[in-house]
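Participant: Here is the input, now give the coordinates:
(one chain, ligands or ions: 1)
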Amino acid sequence: MRQTLHTQRRLCDGSNMIKSVDLQSEFSEISEQIRDAVDRVLESGWFILGDESEAFEKEFADYIGAGYGIAVGSGSDALYLTLRALGIGEGDEVITVSHTFISTVDAIVRNRARPVLVDVDAETYCIDASQIESKINHRTRMILPVHLYGHPAQMDEIATIAAKHDLVVVEDACQAHGAEYKGHKVGAMATAGCFSFYPSKNLGAYGDGGMIVTDSKELAEKLRLLRNYGQAKKYHHDLVGTNSRLDEIQAAVLRVKLGHLDAWNERRRELASLYNELLADSPAAGPIEKDYAKHVYHQYVIRSDRRDALQQHLQKNQIQTLIHYPISVHRQKAYQNLADGASLTVTDEICDQVLSLPLYPTLTEDHVRNVAAEVKKCL
Ligand SMILES: *Cc1c(COP(=O)(O)O)cnc(C)c1O
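Facilitator: Next up is the predicted model:
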């Protein structure tokens, strides 16, 4: 069914392009369920903070293994509001990475705190836990690891350091829905976990969305106020809040998609191991899944010194690829003064080498073979 629909669509638009993400083929697999869910909301006449978002908060928190879920407008807001609810502010320092999406660091700066950037591990692309302690001082309040590309950060090492120095840990799990660290789902391994439902994420809405999961009732209650104008009761504003909610239509869509997440992640893992097998004798370095990890391959990232030539070769052969990320945070114009120059060696090195090959649940094995063959032809 999957391949038939996909092939039909490709014949229809006359293109043989292998896209870097393909949300249309995913939709064609679940369109009936989605239309039913959207209809249910349209007919209910209730669009903000209702049964769908409440049910989805419970279902997603249960899935991750956390006590509470608080749905918000985006992954960026999940991070920003969590730091705000935890009292991160002026004079505080938060330790995180530069090799990430910009929102991780924005969340710190939007709260007027100072990001302190640590290098990443050259195998997992997540924070190098062995370099955290040297960055801790009396202003340090939090460690904010990112489970980048769907691979978990070293949570035990991070928890040990945090306990020793009395720091809070918040997980940026925006790329890691369903990923596991030593058998536990990420997002439920710290004070709070932040998720994004941006359309191309492993669990994506048809618009923006995000969620915070936590075991702390107090934090959950504060976040519920902050996302809804600080309002405890209609027109009673206990805190200075904002408007950041997941609307009912997106929540209904996400409830349908959550039911497919495990199968989709398994499919990503199968396709990733096929890539691994086919590229084993290529000079490009493939992704590594540590023995403590269950990787969910939000991205399948390879590294090559000839990255730009490879990307051009693939483009010429109808294969779209992406770079995550072409400019690390401390090299961005907005964040020029953040790093102390030489310390982010791996971050600076991999920036010119990483390339994300097409990987999504509706990709076919033939596509993977085609991509791998072109990679090997070029390198
Ligand atoms: C996607 C993403 C975010 C931001 O999520 P949005 O929903 O796009 O605001 C934050 N951090 C990481 C690591 C992400 O990949």
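Participant: alpha carbons only for contacts and neighbour counts from here, please
Facilitator: Fine.
Participant: and the residue of the stretch 151-300 of the chain nearest the ligand?
Facilitator: residue 196 (4.1 Å; CA to the nearest ligand atom).
Participant: which one is that residue nearest to, not counting chain neighbours?
Facilitator: residue 75 (3.8 Å; CA to CA, 6 or more residues apart in numbering).
Participant: tell me which parts of this protein are close to the ligand?
Facilitator: The chain comes close to the ligand at residues 74-76, 100-101, 103-104, 146, 172, 174-175, 196-198, 208-210, as judged by CA under 6 Å from any ligand atom.
Participant: now the strands: where do they sit in the stretch 1-150 of the chain?
Facilitator: 68-72, 93-97, 114-118, 140-143 (DSSP state E, counting those that start in this stretch).
Participant: phi, psi of the nearest residue to residue 65 once chain neighbours are set aside?
Facilitator: Nearest-residue entry for residue 65: residue 188, 6.2 Å, with adjacent residues in sequence omitted and distances by CA to CA, 6+ apart. Residue 188 adopts backbone torsions of phi -110, psi 20, taken as degrees, to the nearest 10.
Participant: what residues are up against residue 188?
Facilitator: By CA atoms under 8 Å, 6 or more residues apart in numbering, the residues touching residue 188 are 64-66, 213-215.
Participant: and it, how far is that from residue 87?
Facilitator: From residue 188 across to residue 87, the span is 20 Å (CA to CA, to the nearest Å).
Participant: Now do stretch 125-132: distance from first to last residue.
Facilitator: OK, stretch 125-132 end separation, CA to CA: 15 Å.
Participant: Tell me the buried residues in that stretch?
Facilitator: Neighbour-count burial for stretch 125-132, counted by 16 or more other CA atoms under 10 Å, picks out 125-129, 132.
Participant: now, which of the residues you listed sits nearest the ligand?
Facilitator: Nearest to the ligand out of the buried residues of stretch 125-132 is residue 126 (CA to the nearest ligand atom; 10.5 Å).
Participant: per-residue confidence for the residue nearest to residue 253 when sequence neighbours are not counted?
Facilitator: Nearest non-adjacent residue to residue 253, counting by CA to CA, 6+ apart: residue 34, 6.0 Å away. pLDDT recorded at residue 34 is 98.
Participant: How many neighbouring residues does residue 34 have?
Facilitator: Using other CA atoms under 10 Å, residue 34 has 20 neighbouring residues.
Participant: hang on, isn't it packed against residue 255?
Facilitator: No. Counting by CA atoms under 8 Å, residue 34 stays clear of residue 255, with 9.4 Å between them.
Participant: Packing partners of the lengthiest helix in the chain?
Facilitator: Counting by DSSP state H, the longest helix found in the chain is helix 248-278. If you count contacts as 3 or more CA pairs under 8 Å, 6 or more residues apart in numbering; DSSP states H and E, helix 248-278 packs onto helix 23-44, helix 51-64, helix 365-378.
Participant: so which of these gets nearest residue 259?
Facilitator: Closest to residue 259 of the helices and strands packed on helix 248-278 is helix 51-64 (CA to CA; 9.8 Å).
Participant: Show me the contact partners of that closest one.
Facilitator: So helix 51-64 is contacted by 67-71, 178, 185-188, 211, 213, 246-249, 251-252, 254-255, 258 (CA under 8 Å, 6+ apart).
Participant: returning to what we had before: please identify which of the buried residues of stretch 125-132 is nearest to residue 316.
Facilitator: residue 125 (28.4 Å).
Participant: so where's the protein shaky on pLDDT?
Facilitator: 1-15, 340-342 (pLDDT under 70).
Participant: can we see that at 50?
Facilitator: Within the chain, the stretches with pLDDT under 50 are 1-5, 7-14.
Participant: Thought residue 215 was touching residue 68, still the case?
Facilitator: Yes. With contacts defined as CA under 8 Å, residue 68 counts as touching residue 215 at a distance of 6.0 Å.
Participant: Between those two, tell me which one has more neighbours.
Facilitator: Shown here are residue 68 and residue 215; by other CA under 10 Å, residue 68 has more neighbours (23 against 19).
Participant: Contacts only, for the more buried one.
Facilitator: For residue 68, the contacting residues are 57-58, 61, 213-217, 220, by CA under 8 Å, 6+ apart.
Participant: what's the burial count for residue 373?
Facilitator: 14.
Participant: Apologies, that question was intended for residue 295.
Facilitator: Neighbours of residue 295 (other CA under 10 Å): 28.
Participant: do the same with residue 259
Facilitator: Neighbours around residue 259, by other CA under 10 Å: 11.
Participant: can you offset everything so residue one is 18?
Facilitator: Taking 18 as the first residue, the last one we looked at is residue 276.
Participant: buried ones in the longest helix of the chain?
Facilitator: For helix 265-295, by 16+ other CA under 10 Å, it's 265-275, 278-279, 281-282, 284-286, 288-289, 291-293, 295.
Participant: same thing with stretch 197-215?
Facilitator: 197-198, 201-215.
Participant: next one: that stretch to chain centre, how far?
Facilitator: 10 Å (CA atoms, centre = their mean, to the nearest Å).
Participant: show me what contacts the residue minimising distance to the centre of the chain?
Facilitator: Centroid-nearest residue in the chain, with CA atoms, centre = their mean: residue 192, separated by 1.8 Å. By CA under 8 Å, 6+ apart, the contact list for residue 192 reads 164-167, 212-213, 218-219, 315.
Participant: Pull up the gap between residue 127 and residue 104, please.
Facilitator: According to CA to CA, residue 127 stands 12 Å off from residue 104.
Participant: Let me fix that, I meant to ask about residue 288.
Facilitator: 42 Å.
Participant: same deal with residue 348?
Facilitator: Taken as CA to CA, the span from residue 348 to residue 104 is 28 Å.
Participant: Which one's more surrounded, those two?
Facilitator: residue 348 (15 against 12).
Participant: Keep only those of the buried residues of stretch 197-215 that are in strands.
Facilitator: 197-198, 201-202, 209-213 (DSSP state E).
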